[in-house]
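> Need coordinates for the following:
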Amino acid sequence: MLQQILRDMYIDPELLAELNEEQKQILFYKMREEQLRRWKEREEKTRMEEAMLRKTARRKQSNGKHVQWLRGKDGEVWVWVMGEAPGDKPYEQISEELIAERARQQAQKEAEELWRQKEAEITKKFRDAMAQEKARIVAEKWKIEIEDRKAAKLEEEKIQEELKKREEEERQRGEEQIRQQEEIRAKELYLSLKQAQQHSQHSDDDQEWEEQLRRSKAADEERSHKARRARDEYRRQSLRAIQKGRVAGLSNLFQGTRLTNDQEMKLNNNSASPLLSRSEASSGIWERPSRPFSRDVIIRWFREEQIPRRAGFERNTNRIAPWFHGIISRQEAEELLMNKSEGTFLVRVSEKIWGYALSYRQQSGFKHFLVDASGDFYSFLGVDPNRHATLTDLIDFHKEEIITSSGGELLLDPCGQQKNPPDYSPLFE
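Numbering: from 1, shown residues only. Sure thing, here's the model as predicted:
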């Protein structure tokens, strides 16, 4: 199961919910190790490909087109980082120039709008004045004799020239006024933007952001602490397994634990044991699905794979272990452990993985550990790297050795059955 999670780099949310916080940290630590291993392989592959490409490029003809990178004194590819090269402007100067440019552009935009309005007013003013004056001349002068019309025309042209001159002077004064207003407005906008920038640095939003940053750093430190503790626990468990000599990594260790045909016959004839022979339990070829999806499939898996491995039986006897239970839920397990003392435990068949769940009574509540039985060994998923030949070996091992260093869980008292018939009866019927 763990190898499949590391191969897919994915864990089902329902399965993840079954793990406690320390199990999650250790599992994520192992997934991170797998990510680093894959990254190193990919980097090595990329390096080899680049070396091959360089070797191929050198074989090309000398007159072929190619790209050559500029290299520095150290022989590496030259890279320019903005702000670090000689002559680069500091950030404060760039910021000041950007603010000044924004203020200038805004003021220029406002000045252009004012000038369009002013120009429209001037044009309308002198156009109306010209029309009025022309109407007056036509009304007064052109009623006189024909010989006076020439004088009236000259007077009209003189008045038009004067009006044009006055209009040009008015335009110049307007442009100068708009230019002065633009400069004043640019300074006002610059000061306003500068004050807003300074004010934002000390605003309540920044204080809230600093508080969030502080909390985020505290959470990161807590996660790092948990990850370090998980790594230490992983190393401790590995060393302890080596010292104890109870690691069973090869499947041939389990061959010796399987029942012979004579033993199966004896167990089948013993009325005190519900153990079935492997031949009776099998009905057709059994192929295990990728994950359990129904109670019937789980029962079939238990009969086909676990009974031959004596899962749930006491060591060297045909009796069901007092700590073994059937397919019961987490809530039912906690109800059984509710009024028990610290260290009481039971093992139930899991509905999430091909394996079991060990439910443990601690002083402040309950803990649940998944036991992976999908391979040729039994081990805690994400907590204990030790591999045990049988489920009973795992239980006996942790009667002497704690499960996790942080929790100090020792399996002291088994939690037996409270129902008749027992909840494991469907597994052996």
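
> Secondary structure class of Gly416, three-state.
The three-state label for Gly416, taken from DSSP: H, G, I helix; E, B strand; the rest coil, comes out as coil.

> Which pLDDT does the model give the closest residue to it other than its chain neighbours?
When the adjacent residues along the chain are set aside, Gly416 lies closest to Pro322, with 4.6 Å between them (Cβ to Cβ, 6 or more residues apart in numbering). Every residue, glycine included, has its C-beta placed from N, CA and C. Reading off the per-residue confidence, Pro322 sits at a pLDDT of 94.

> Check whether Pro322 really touches Asp413, as I assumed.
No. In this structure, Pro322 sits apart from Asp413 without contact. The criterion is Cβ atoms under 8 Å, and the distance is 9.3 Å.

> low-scoring stretches of the stretch 201-350 of the chain, by residue?
For the stretch 201-350 of the chain, residues meeting the criterion pLDDT under 70 lie at 201-206, 227, 230-284.

> could you redo the last one with a cut-off of 90?
201-294, 315-318, 339 (pLDDT under 90).

> Do a quick rundown of the strands in it.
For the stretch 201-350 of the chain, strands defined by DSSP state E, counting those that start in this stretch occupy the ranges 344-349.

> show me where it has helices.
Here the stretch 201-350 of the chain has its helices, by DSSP state H, counting those that start in this stretch, at 204-244, 252-255, 261-269, 278-281, 295-301, 330-337.

> on that earlier part again, next one: the residue nearest to Gly416 from Gln306, what distance?
For Pro322, the distance to Gln306 (Cβ to Cβ, to the nearest Å) stands at 18 Å.

> Could you do Pro13 as well?
Remark: distance between Pro13 and Gln306 (Cβ to Cβ) = 26 Å.

> Compare these two (neighbour count), which wins?
More neighbours surround Gln306 than the other of Pro13 and Gln306, with 19 against 7 (other Cβ atoms under 10 Å).

> mind listing what the more buried one touches?
For Gln306, the residues meeting the contact criterion (Cβ atoms under 8 Å, 6 or more residues apart in numbering) are Gly312, Ala373.

> ok, Asn316 - how many residues close by?
Residue crowding around Asn316 was assessed by other Cβ under 10 Å; the count is 7.

> now do the one 5 residues further on
The local packing of Ala321 (other Cβ under 10 Å) involves 20 other residues.

> I figured it hits Pro414, correct?
Yes. Using Cβ under 8 Å, Ala321 is in contact with Pro414, at 7.2 Å.

> Run the chain-centre distance for stretch 94-107.
Centroid displacement of stretch 94-107 relative to its chain, using Cα atoms, centre = their mean, to the nearest Å, is 39 Å.

> contacting residues for Trp354?
Met1, Arg288, Arg291, Pro292, Trp301, Asp372, Ala373, Ser374.
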